[in-house]
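Student: what's the 3D shape of this:
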Amino acid sequence: MTPAIFGLSGTTLSADERAFFREADPAGYILFGRNVESRAQLRALTDDLRTIHGRDALLITIDQEGGRVARMKPPVWSAWPAGAAFDALYEIAPASAIEAARANAEALGHDFAEAGITCTHAPVLDVRQPGAHDVIGDRAYGFEPLRVAAIGRAVLDGLARAGICGTIKHMPGHGRAGADSHKELPTVTASEAELEQDIAPFHALRDAPMAMTGHIRFTAWDADHPATQSPYVIREIIRRRIGFSGLLLTDDLDMEALDGSVPERAERALAAGCDIALNCWAKMADMTGICERTGTMSAETAARLDRALAVTRIDGASGTQADLIARRDALLALVQQA
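Tutor: Prediction:
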């Protein structure tokens, strides 16, 4: 198995993709708006991927948090609130915010389960900081680590109730970044003491089955490498200080924060200690290059992948989505009533 998650080019698999995926046997796939058209089409696409691999337990992921980060959109699917909505409710009623976040995540999980998706790249555990770039902004659950962790835990729990594996991100923290890592490499100059605030939510949720790195350079830890490609950050901060032992994905390797070719970026990230290279844009040359440079998945990574997949199921979520949404909306309405 190739230690990579690959994107798809469209709403159906091309003949070349089908042949390549069968041979490469990647760890999983990631879906974007270009892959999403209708409920029937999306389920047919995920069923097709399962047919290639001959197993139901397959990591089929989507980058859908709610708010501005959404791939399954109206009018086919519902719109979902951004993280800041739960932050606002927590300000006046913490227990209600946790319940609302859990109900929202479980309801969203119903859409994923129906579509044959087993993982979403949420919750965002980045702690907001005044003056930081808005690339995180309202995606976050607030400025306080304990609040971020509490809401993030509720999101993970709600997703798991629907048979969906969540991904905590962007480890070890994107909240201080003064630049958008999609466009350039942010450099964070905060001290080690200050960075304790950033890693606190990740430490609290260190038992999550899956996490994603952030393409950020932290001068207090490693002034020469972004976290995704830093052996020190992955070994000493993510694995030891945070205590995360689950499946560690890179953020998208096409982002301009990283230099070199995409296969070179993947090779450096896995050499630094990441488990899985995330390559979103379905460029065949990049995908074949990643396979050539990363080789076969290690037994340790395979075991972590199995633990993440153990959370998932595709036989449909229990309960009624409409009831979950109604409960969420009633709780979020408390903000307007305050």
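Student: Can you show me the strands along this protein?
Tutor: In the chain, the strands defined using DSSP state E lie at 2-7, 26-31, 59-62, 119-120, 165-166, 168-171, 187-188, 210-213, 217-218, 247-249, 277-279.
Student: Quick one: residues in contact with the last one.
Tutor: Which is strand 277-279. By Cβ atoms under 8 Å, 6 or more residues apart in numbering, the list of residues contacting strand 277-279 from outside reads 3-7, 30, 212, 249-254, 262, 265-266, 269-270, 286-287, 290, 294. To be clear about C-beta, it is placed using only N, CA and C from the backbone, and glycine gets the same treatment.
Student: ok so, going back, using a markdown table, lay out the strands of the chain together with distance to residue 46.
Tutor: Formatted as a markdown table, these follow (distance: least, Cβ to Cβ, whole Å):
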| stretch | distance to residue 46 |
| --- | --- |
| strand 2-7 | 14 |
| strand 26-31 | 8 |
| strand 59-62 | 5 |
| strand 119-120 | 12 |
| strand 165-166 | 15 |
| strand 168-171 | 22 |
| strand 187-188 | 37 |
| strand 210-213 | 18 |
| strand 217-218 | 36 |
| strand 247-249 | 19 |
| strand 277-279 | 18 |
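Student: Which of those strands sits closest to residue 307?
Tutor: Of all those, it is strand 247-249 that lies closest to residue 307, at 7.4 Å by Cβ to Cβ.
Student: in the stretch 51-200 of the chain, which spans are helices?
Tutor: Here the stretch 51-200 of the chain has its helices, by DSSP state H, counting those that start in this stretch, at 83-92, 94-115, 145-161, 192-204.
Student: my guess is residue 13 contacts residue 48, does it?
Tutor: Yes: using Cβ atoms under 8 Å, residue 13 is in contact with residue 48, at 5.7 Å.
Student: who's more crowded, these two?
Tutor: More crowded of residue 13 and residue 48, by other Cβ atoms under 10 Å: residue 13, with 19 against 16.
Student: quick one, phi/psi of that one?
Tutor: Dihedral pair for residue 13: phi -80, psi 140, per degrees, to the nearest 10.
Student: List the buried residues in the lowest-mean-pLDDT helix or strand in the chain.
Tutor: The least trusted helix or strand in the chain, going by mean pLDDT, DSSP states H and E, turns out to be helix 334-337, with a mean of 93. Judged by neighbour count using 16 or more other Cβ atoms under 10 Å, the buried positions of helix 334-337 are residue 335.
Student: Against which helices or strands is that helix packed?
Tutor: Helices and strands touching helix 334-337, by 3 or more Cβ pairs under 8 Å, 6 or more residues apart in numbering; DSSP states H and E, are helix 83-92.
Student: Give me the buried positions along the helix it packs on.
Tutor: 83-90.
Student: and that helix with helix 94-115, angle?
Tutor: 150 degrees (axes from the mean of the first three to the mean of the last three Cα atoms, to 10 degrees).
Student: okay, residue 200: pLDDT?
Tutor: Per-residue confidence for residue 200 comes out at a pLDDT of 98.
Student: Next, count neighbours for it.
Tutor: That count, for residue 200 with other Cβ under 10 Å as the rule, works out to 19.
Student: Equivalent analysis for residue 327, please.
Tutor: The number of residues packed near residue 327 is 17, by other Cβ under 10 Å.
Student: what sits against the closest residue to it other than its chain neighbours?
Tutor: Excluding the flanking residues, the one nearest residue 327 by Cβ to Cβ, 6 or more residues apart in numbering is residue 103, at 4.7 Å. Going by Cβ under 8 Å, 6+ apart, residue 103 touches 158, 324-325, 327-328, 331.
Student: How much space separates the residue most central in space within the chain from residue 268?
Tutor: What sits nearest the mean C-alpha location of the chain, by Cα atoms, centre = their mean, is residue 121, with 2.1 Å. Distance, residue 121 to residue 268, by Cβ to Cβ, to the nearest Å: 21 Å.
Student: Could you pull out the helices in the stretch 201-338 of the chain for me?
Tutor: Counting by DSSP H, counting those that start in this stretch, the helices of the stretch 201-338 of the chain are 231-232, 262-272, 284-294, 299-309, 321-332, 334-337.
Student: ok, and for the fourth one, which residues are buried?
Tutor: Okay, so that is helix 299-309. For helix 299-309, burial by neighbour count (16+ other Cβ under 10 Å) applies to 301-302, 304-305, 308-309.
Student: cool, and the second one?
Tutor: Buried residues in helix 262-272, counting neighbours by 16+ other Cβ under 10 Å, are found at 262-263, 265-270, 272.
Student: Let me know the closest of these to residue 167.
Tutor: Checking the buried residues of helix 262-272 against residue 167 by Cβ to Cβ gives residue 269 as the nearest, at 15.9 Å.
Student: For residue 290, give me its contacts.
Tutor: Applying Cβ under 8 Å, 6+ apart to residue 290 gives the contacts 2, 4, 262-263, 266, 277, 279.
Student: Quick check: it vs residue 218, distance?
Tutor: According to Cβ to Cβ, residue 290 stands 26 Å off from residue 218.
Student: can you check residue 246 too?
Tutor: 21 Å.
Student: Compare those two (neighbour count), which wins?
Tutor: residue 218 (26 against 20).
Student: Beta-bridge partners for the more buried one, please?
Tutor: Counting by DSSP bridges, residue 218 is bridged to residue 188.
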